[in-house]
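Chemist: Predicted structure and sequence below. I'll ask about it afterward.
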Amino acid sequence: MLDLKRQYLPLHRELLAAVEHVLETQQFILGEPVAALERAAQEHLGVAHALGCSSGTDALWLALAAAGVGPGDSVITTPFSFFASISAILRAGADALLADIDPGTFNLDPAAVVRVLNGPRGAAVRAILPVHLYGQCADWTSFARLGQEHGLKLIEDAAQAWGAEWQGIKAGGLGDAAAFSFYPTKNLSAAGDAGMVTTNSAKLAERVKMLRQHGMRRRYYHDEVGWNARMDGFQGAILSVKLKYIDGWNEARCAVARRYHALFAAAGVAETGPYPSHGVVLPHEVPGSRHAWHQYVIRSSRRDRLREFLAARRIGSEIYYPVPLHMQEALKGLGYAEGSFPEAERAAREVLALPIFPELREDEQQTVVRAIAEFLS
Ligand SMILES: Cc1ncc(COP(=O)(O)O)c(C=O)c1O
């Protein structure tokens, strides 16, 4: 599914030198290695502020808390994401409201968000938290309009979307604040847990800095109850090295995606969807946006059997995500039930992520597509 060693081997000298420098300078927490990454990230994303932190999960919490979201507020997000998209809202002390997804992109559907805003619980909504799922930006034209019309904060869950764009603006610079994850499987990845908050607001950035250090502006004077959510120096140094290569890696991912499209079309099994019939529905790039191709996710009506068939041939695949958030045991208290979000529930039954990473070879892709075509025949 993913071979991280193919990225590491050509970089290992450069990475070891960066790690050695941290050891020599003993800057283990924040410090210059993280500050250097923050400056480079600001430039790369075209944002005014980038703040390194301990994980994507903490980045989401920091972004929400810094934006002033807390008890008594409600935040709307998608039921079809990783658990952290919603747990960060709950950790911030806010209520989480869900709205269904667009079956074509798997991202939060603005029309469904409007229905929540106009519903009985709409008045308490303070923010929307769309997720740029699989590396494709959520419909930011609609969310920006909704944010303005209703006076809401917009927080991007950009954990999977380093390098993605919406109408020429990079993910991370679209909302009031954004959260990135550098979990080792992400497009831009650390050697452990790490994350980042980006924002164009000086006030929000200042609050993130304070909150990631236990609410301190001055050492041992705590203005608010924050948390320990700092990035460590090793991750800052490693990410600074990798940031230099991310554009090339993302282009390579895009080439891999194009090659899958062509191979599936040539095999005669590609369908445009949104729902599958006998073949597989391929992912597509929304016009005017740039997909970061964190995942290449197809839809199949016989997904589970297809996955077993691939596994028997030692072909990796993954299901992101098999259980929608409203059906998770931990979230029963939210008051939703099976049937609440039919699009998310159907996606959870049909999606299958295929291997995609910059170094994936054409012959390996041919093997994947041949096996899928064989299964379908
Ligand atoms: C959509 C989404 N949000 C949030 C996170 C949380 O990031 P982390 O694992 O770095 O805490 C992840 C990644 O795991 C993710 O995929």
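Modeler: Noted; the coordinates are in hand. For clarity, every value in this text was computed on a predicted model and none was experimentally measured.

Chemist: which residues sit in contact with residue 292?
Modeler: By Cβ atoms under 8 Å, 6 or more residues apart in numbering, the residues touching residue 292 are 132, 135-136, 160-164, 171, 187, 250, 253. All C-beta atoms are positioned from the backbone trio N, CA, C, and that covers glycine.

Chemist: which SS state does it fall under?
Modeler: Assigned with DSSP: H, G, I helix; E, B strand; the rest coil, residue 292 falls in the coil class.

Chemist: quick one on the thing from earlier: now neighbour count, pLDDT and distance to the ligand too, for the contacts of residue 292, in JSON lines please.
Modeler: As requested, these are arranged in JSON lines below (neighbours: other Cβ atoms under 10 Å; pLDDT from 0 to 100; distance: Cβ to the nearest ligand atom, whole Å):
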{"residue": "132", "neighbour count": "30", "pLDDT": "98", "distance to the ligand": "8"}
{"residue": "135", "neighbour count": "30", "pLDDT": "98", "distance to the ligand": "10"}
{"residue": "136", "neighbour count": "27", "pLDDT": "98", "distance to the ligand": "12"}
{"residue": "160", "neighbour count": "27", "pLDDT": "98", "distance to the ligand": "5"}
{"residue": "161", "neighbour count": "31", "pLDDT": "98", "distance to the ligand": "9"}
{"residue": "162", "neighbour count": "28", "pLDDT": "98", "distance to the ligand": "12"}
{"residue": "163", "neighbour count": "25", "pLDDT": "97", "distance to the ligand": "15"}
{"residue": "164", "neighbour count": "28", "pLDDT": "98", "distance to the ligand": "12"}
{"residue": "171", "neighbour count": "30", "pLDDT": "98", "distance to the ligand": "12"}
{"residue": "187", "neighbour count": "24", "pLDDT": "98", "distance to the ligand": "11"}
{"residue": "250", "neighbour count": "22", "pLDDT": "98", "distance to the ligand": "17"}
{"residue": "253", "neighbour count": "24", "pLDDT": "98", "distance to the ligand": "16"}
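
Chemist: Is it possible to get TSV of those that adds secondary structure?
Modeler: Listed next are the contacts of residue 292 as TSV, based on three-state DSSP:
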residue	secondary structure
132	coil
135	helix
136	coil
160	coil
161	coil
162	coil
163	coil
164	coil
171	coil
187	coil
250	helix
253	helix
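
Chemist: Just give the nearest non-adjacent residue to the closest residue to the ligand within the chain, would you?
Modeler: Going by Cβ to the nearest ligand atom, the ligand is nearest to residue 56 of the chain, at 2.4 Å. Counting by Cβ to Cβ, 6 or more residues apart in numbering, residue 181 is the residue found nearest to residue 56 once chain neighbours are left out, at 2.5 Å.

Chemist: just checking, residue 330 is part of a helix?
Modeler: Yes. Assessed with three-state DSSP, residue 330 lies in a helix.

Chemist: Against residue 72, how distant is it?
Modeler: Applying Cβ to Cβ, to the nearest Å, the value for residue 330 to residue 72 is 22 Å.

Chemist: quick one on the thing from earlier: ok, now which ones touch the residue of the chain closest to the ligand?
Modeler: Counting by Cβ under 8 Å, 6+ apart, residue 56 makes contact with 84, 159, 179-183, 195.

Chemist: who's in contact with the host helix or strand of residue 90?
Modeler: Using DSSP states H and E, residue 90 sits within helix 84-91. Residues from elsewhere that reach helix 84-91 (Cβ under 8 Å, 6+ apart): 56-57, 60-61, 64, 69, 75, 77-78, 95-96, 98, 129, 131, 157, 159, 179, 325, 331.

Chemist: Closest one to residue 368 out of the contacts of residue 56, please.
Modeler: Distance to residue 368 across the contacts of residue 56 (Cβ to Cβ) is lowest for residue 183, with 23.6 Å.
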